[in-house]
Each structure stands twice: as structure tokens, then as C-alpha cells.
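> Give me the fold of what follows.
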Amino acid sequence: MSFDTHYQIVPLDQQTGGPKVFTFGFTSAVAVRGPQKLINRWLKCLMTPKGSDPSNLEYGTGFGNLYGSNITSTQDLIDAVALFVEDCNAQMRAMDQRNFPPDDERLKSATLSRVLEVPGGFEVTVEIRNVAGERVVASLPRVA
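Predicted coordinates:
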């Protein structure tokens, strides 16, 4: 059995002022189940730079490379994020095939639902659905 650390996103108003994107907060997440576990697994895969996991060099995506990149066009950002979301989805489905989690923790789809240009960067929103039919909208850390 493998164990993982689950995390929470830093509130949006605190993201723009510093380098922190995720935090462990003051309490630990214990026995995370259901849609929250799916979201945590999905975000971890998306945010992990591909090639940085020594046990699986194919795990992760290039999403983290967007920070500080020279992408300035909204359409270029949409295209890049859509590719990273699809890569993450494929990896999640492969993991689900091996581990076969409950329906509420298994990915049905994740799609890029909104990219909004804001001062200092872009806000990206992804809609995640599980096999049980539940839908969650996740706001990704601001891409500057």
C-alpha cells in the first residue's frame, strides 16, 4: 500500500504575493476519500514537473513550466494547458486501471473550462468529473 501527502491550495489572495502555491496548513488531511482524493491526485499529477519523479520519469506534466515562461497570448496558453490536462488525464486513467479505486475517486473526465486574462497573469479553471457522476470545478494557481 502506498501513502501520499494530500495538500490544499493557498487562498487566491495569498498566491500573488509570494512563491507558495500549496500549503500543509495547520491540520493534516487524514483519510481523504471521494472527490477530494480524486482532485488531490489529479492536481498532484498536473503540478509535478515531468521527469522529476525518480520512480517514474514519465509522471507529471509541463504545467509547472508555464510559470515564468514567455507565453503572452491567451490562445497559446489555452493550447498548452489543454495539452497538459489531456496528458494528466491519460496518466490518471492508467493509474485507475492498475489500482481500480471506487467510482467517486476514479476520473471520468477533466476539461479546461475557462482561461481568463487578469492583471499579472491568467486564471485557469478545470472541470473534473468522476465516474460516479459528480462534478467539481478546480481553480488552478494563477499562471503569471
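
> where's stretch 109-129 relative to the chain centroid, distance-wise?
Averaging C-alpha positions (C-alpha atoms, centre = their mean, to the nearest Å) puts stretch 109-129 11 Å from its chain's average.

> Repeat that for stretch 41-52.
Distance of stretch 41-52 from the chain centroid (C-alpha atoms, centre = their mean) equals 7 Å.

> Would you mind pulling the contact partners of that stretch?
4, 7, 9, 21-22, 57-65, 84-85, 88, 91-92, 95, 105, 107, 110, 128, 138, 140 (C-beta atoms under 8 Å, 6 or more residues apart in numbering). Glycine gets a C-beta too; all of them are placed from N, C-alpha and C.

> Report the mean confidence score over it.
On average, the pLDDT along stretch 41-52 is 92.

> For ChimeraX, write a command that selects the buried ones of the contacts of stretch 41-52.
Selection of the buried residues among the contacts of stretch 41-52 in ChimeraX, burial being defined by 16 or more other C-beta atoms under 10 Å:
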select :7,9,21,59,60,61,62,63,64,84,85,88,91,92,95,105,107,110,128,138,140
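
> Show me the shaky parts of the protein.
Scanning the chain for pLDDT under 70 picks out 1-31, 143-144.

> Which single helix of it contains the most residues?
For the chain, the longest helix by residue count, based on DSSP state H, is helix 74-99.

> What is whichever helix or strand comes after that helix packed up against?
The helix or strand immediately downstream of helix 74-99 is strand 107-118, counting by DSSP states H and E. Counting contacts by 3 or more C-beta pairs under 8 Å, 6 or more residues apart in numbering; DSSP states H and E, strand 107-118 packs against helix 34-47, helix 74-99, strand 121-130.

> where's the residue nearest to the spatial centre of the chain relative to V126, distance?
The centroid of the chain falls nearest to L43 when counting by C-alpha atoms, centre = their mean (2.4 Å). Separation of L43 from V126 (C-beta to C-beta, to the nearest Å): 9 Å.

> Fine, thanks again, bye for now.
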